[in-house]
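> Have a look at this prediction, sequence included:
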Amino acid sequence: MVGDVHARVVSLLADRPPRAGRVKVLAIEGRSGSGKSTLATAVAAELAAPVVRMDDLYAGWDGLLDGVDALVRWILDPLRRGEEARWQRYDWHLGQYAEWHRVPETDTLVVEGTGAGARETAPYLSALVWLDAPDEVRRERALARDGDVYAPHWDRWARHEDAFYSDHDVRARADLLIPGA
């Protein structure tokens, strides 16, 4: 089953043209704990592609939209112009942006996380994948992954996701929906 999902995503991307300059950008979207990171890691390994994680771009627990802006300004727009793309990692412990990272030269880039499929990113994306999972499964996964750090912020982040998905309707614009846990 997992292999089938990876194959479907890779196949979807194979038929799409690059839209960020010469780079195909695959956005993997869904709510917290839906499996985005796991799928992105597997697909990126299969494609030998780098992964940019939105968690590194958000400006803290209230910085979802800042992360979308950073993705476009630092990565997607420079790629479209044929320039070097780089991003600054947000240090969640210090509460500020830290060191810069260069996006390696590549034909394919995987971007995963809430916000990767924002309306602002759509002109740059070759494909958009949406992952669904039941709320209880998502919460269990997220808290198992991030534990005590995330637990006090679960409801706060969920409200940001609610507002974002209401405005951006990412699921309806996805090229591929992956249901289930």
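Received the coordinates, thanks. Numbers count the residues shown, from 1 in each chain.
> which stretches of the protein have low pLDDT?
1-3, 138-139, 142-143, 146-148, 150-154, 180-181 (pLDDT under 70).
> where exactly do the strands run in it?
24-29, 51-53, 86-91, 96-102, 108-112, 127-131, 176-178 (DSSP state E).
> Report all helices and strands that the first one contacts.
The one in question is strand 24-29. helix 2-14, helix 36-47, strand 108-112, strand 127-131 (3 or more Cβ pairs under 8 Å, 6 or more residues apart in numbering; DSSP states H and E). C-betas here are computed from N, CA, C, even on glycine.
> residue contacts, the most centrally placed residue in the chain?
The chain has E112 as the residue nearest its centroid, 2.0 Å off, counting by Cα atoms, centre = their mean. Contact analysis of E112 by Cβ atoms under 8 Å, 6 or more residues apart in numbering lists A27, I28, E29, K36, S37, L39, A40, V51, V52, R53, M54.
> if I look at it, how far off is V51?
6 Å (Cβ to Cβ, to the nearest Å).
> Equivalent analysis for P18, please.
17 Å.
> what does W61 give?
22 Å.
> out of the two, which sits in the busier spot?
Neighbours were counted for W61 and for V51 using other Cβ atoms under 10 Å; V51 has more, 19 against 14.
> hey, what's the more buried one bridged with?
V110 (DSSP bridges).
> May I have the residues that are in contact with it?
Counted by Cβ under 8 Å, 6+ apart, V51 has contacts A40, T41, A44, L109, V110, V111, E112.
> Any of the residues you listed buried? List them.
A40, A44, L109, V110, V111, E112 (16 or more other Cβ atoms under 10 Å).
> And stretch 28-39, how far out from the chain middle?
Here stretch 28-39 shows a centroid-to-chain-centroid distance of 8 Å under the convention Cα atoms, centre = their mean, to the nearest Å.
> Just the buried residues of that stretch, please?
I28, E29, G30, R31, S32, G33, S34, G35, K36, S37, L39.
> Which residues does it contact?
Counting by Cβ under 8 Å, 6+ apart, 5-6, 9, 40, 43, 53, 110-114, 116-117, 128-133, 137-142, 145, 154, 157-158, 161, 165, 170-171, 174, 178, 181 sit against stretch 28-39.
> Sweet, I'm off.
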